[in-house]
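Participant: below: sequence and its predicted model.
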Amino acid sequence: KILILDFGSQVTQLIARRVREAHVLSEVHPCDVTDEWVRAYAADGHLKGVILSGSHASVYEDTTDKAPQAVFELGVPVLGICYGMQTMAHQLGGKVEGGHKREFGFASVRARGHTKLFDGIQDFATPEGHGMLDVWMSHGDKVTELPPGFKLMASTDSCPIAGMADEARRFYAVQFHPEVTHTKQGHAILERFVRGICAAGADWVMKDHIAEAVEKIREQVGDEEVILGLSGGVDSSVAAALIHRAIGDQLTCVFVDHGLLRLNEGDLVMDMFVGKLHAKVIRVDASDLFLGKLAGVSDPEAKRKIIGGEFVAVFKQEAAKLVGAGAKGAKWLAQGTIYPDVIESGGAKSKKAVTIKSHHNVGGLPEQLGLKLLEPLRDLFKDEVRELGVALGLPPEMVYRHPFPGPGLGVRILGEVKKEYADLLRRADAIFIEELRNFRDDTTGKTWYDLTSQAFTVFLPVKSVGVMGDGRTYDYVVALRAVQTSDFMTADWAELPYALLKKVSSRIINEVRGINRVTYDVSSKPPATIEWE
Ligand code: XMP
């Protein structure tokens, strides 16, 4: 396996992820582990190499960290990345200088000499035959003098020592970030390091992750009881399936149905978790409560606050019953927190990542209930969570679903939320989604559901005139929304085929009595948002 020492970079888990993509097992540990710890860690002979991550700090600030010196004495290959390179240079007798202008963004790196790490890896070659790499840089300090035994491996115009290697000791270091996708050959470089240079076995698969995660959960939890808030979303579903695999009936899921879910969603969740997985799920039907609180409220933010607040209150009430169940009362709260949530809330493992914003998943609930927190997906990225879900036997349709906002249909019914509106919207939306799954694009062969990032129907509480048979109708309007985006920060409206729109429109108007007009939203984000509220 590969040991990744985390110096607090925002992207340390990306290194772990790239190593997993090369099918090699890795573990991330904080950089301030001791020399004894490192030696003990390597003692069983399974350690094949070490990667030193980047950091947001500078080698010359007093507070910053060094790698445990033992790392350089184990006889295994070491790769330093960004700060990891600087600390390697510093600790092995080279020179690092601070106070430079921060370099941030793309850079063109020229490979120097011939090293195993870059051999045959390049984006293009110069007419003189020098290998060139387009890379992502983010640093202020730089190495200005190679440590003894090292040779120059790469350079850029502004960073003459952008890579260095001591091939006898198998120490390599790069100033750029091979773990981010902006560095096009980054994946190849990291794979070369772990597979080629460290000769780590390519035997890591998601199945192993399940086995490891199950073991870890059992170890953590022992014979204590665990509560998990199941929403039907991908993360909580995968967390539930994983924890259930580990501890079976010691897990109780609480599924709060706020009445603003999609058509049959509650039943589908119950069928899956109770019917197929035989998990314990308490379904709380709180739709009347939620609709009651929402009556007369039309401001979007006020609606969100009510839904979020009630959700926590209902969940807390149910959880408190489980906690209070005597000696066997629950001791753990499980959450489907995934790595991007951890990074967003600044709570990365080593507590070194800079706080960006707090995230609802990591809120104060465990403290209030006196529960310990169990977060088995904390190190995984969304697509890995999905892969894990499928490996655990969850249906791909569930695991590869479009995101659905916490407040549910509450933000898709404009203005005041009423049961009548929610029922109409649910039926119209189910038709839209069904047809998106039915229609395939000829060139890619993919369904339009898979070709869009998020698609849904919005209920407009306005009435318009129509004709049906020989009668006049005066009914509600819905808007269809379908977007394509990679990060949900910006989005384009999807150019759905007219045949698809036509089918959806005609089915909604014919099948959902109460809706007589369907529109398609052709606004991009920005300036519009994806949701209408
Ligand atoms: P907007 O509408 O801001 O949406 O372009 C971006 C993404 O965020 C989702 N979204 C929410 N998710 N609670 C959530 O859990 C919310 O209140 C909320 N509002 C928007 C939205 O569905 C889209 O994926």
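Facilitator: In hand now; what should we look at?
Participant: which parts of the chain sit against the ligand?
Facilitator: Residues of the chain that fall close to the ligand, judged by C-beta under 6 Å from any ligand atom: 304, 403, 405-407, 411, 454, 488, 525, 529-531. C-beta: built from backbone N, CA, C; applies to glycine.
Participant: you'd agree Tyr172 is in a helix?
Facilitator: No - going by DSSP: H, G, I helix; E, B strand; the rest coil, the assignment for Tyr172 is strand, not a helix.
Participant: for Val256, see how far away the residue of the chain positioned farthest from its centre is.
Facilitator: Distance from the centre of the chain peaks at Asp470, with 53.3 Å (C-alpha atoms, centre = their mean). Distance, Asp470 to Val256, by C-beta to C-beta, to the nearest Å: 47 Å.
Participant: can you check Pro148 too?
Facilitator: 63 Å.
Participant: quick one, which of the two is more surrounded?
Facilitator: Shown here are Pro148 and Val256; by other C-beta atoms under 10 Å, Val256 has more neighbours (24 against 9).
Participant: partner strands of the host helix or strand of the more buried one and their direction?
Facilitator: Using DSSP states H and E, Val256 sits in strand 251-257. Using DSSP bridges, strand 251-257 pairs in its sheet with strand 225-229 (parallel), strand 280-285 (parallel).
Participant: which of those strands sits most buried?
Facilitator: strand 225-229 (a mean of 24; mean count of other C-beta atoms under 10 Å).
Participant: what does that one contact?
Facilitator: Strand 225-229 is touched from outside by 236, 239-240, 243, 247, 250-256, 315, 319, 322-323, 325, 328-336, 371, 374, with contacts defined as C-beta atoms under 8 Å, 6 or more residues apart in numbering.
Participant: quick one: average pLDDT of it?
Facilitator: In this model, strand 225-229 has a mean pLDDT of 95.
Participant: ditto for stretch 467-480
Facilitator: Averaged over stretch 467-480, pLDDT sits at 93.
Participant: now stretch 27-34
Facilitator: 92.
Participant: got the buried residues for it?
Facilitator: Under the neighbour-count criterion of 16 or more other C-beta atoms under 10 Å, stretch 27-34 has 28, 30-31, 33 buried.
Participant: now the residues you listed as CSV including secondary structure?
Facilitator: Formatted as CSV, the buried residues of stretch 27-34 follow (three-state DSSP):
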residue, secondary structure
Val28, strand
Pro30, strand
Cys31, coil
Val33, coil
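Participant: from Gly406, how far out is Ala528?
Facilitator: On the measure of C-beta to C-beta, Ala528 and Gly406 end up 20 Å apart.
Participant: ugh, wrong one, I meant Gln122
Facilitator: Gln122 sits at a distance of 46 Å from Gly406 (criterion: C-beta to C-beta).
Participant: look at the two and report which has more neighbours.
Facilitator: More neighbours surround Gln122 than the other of Gln122 and Gly406, with 19 against 15 (other C-beta under 10 Å).
Participant: and Ser506, what element?
Facilitator: helix 498-511.
Participant: can you name every helix or strand that that helix contacts?
Facilitator: helix 419-438, strand 471-484, strand 515-520 (3 or more C-beta pairs under 8 Å, 6 or more residues apart in numbering; DSSP states H and E).
Participant: can you do 10 Å?
Facilitator: Other helices and strands packing on helix 498-511, by 3 or more C-beta pairs under 10 Å, 6 or more residues apart in numbering; DSSP states H and E, are helix 419-438, strand 454-468, strand 471-484, strand 515-520.
Participant: report the buried residues of it.
Facilitator: 500-501, 503-505, 507-509.
Participant: closest to the ligand among the residues you listed?
Facilitator: Minimum distance to the ligand across those is 19.7 Å, recorded for Val504 (C-beta to the nearest ligand atom).
Participant: for this protein, which helix is longest?
Facilitator: The residue-count maximum for a helix in the chain (DSSP state H) belongs to helix 300-323.
Participant: orientation of that helix relative to strand 225-229 in degrees?
Facilitator: Angle of helix 300-323 versus strand 225-229, following axes from the mean of the first three to the mean of the last three C-alpha atoms, to 10 degrees, is 160 degrees.
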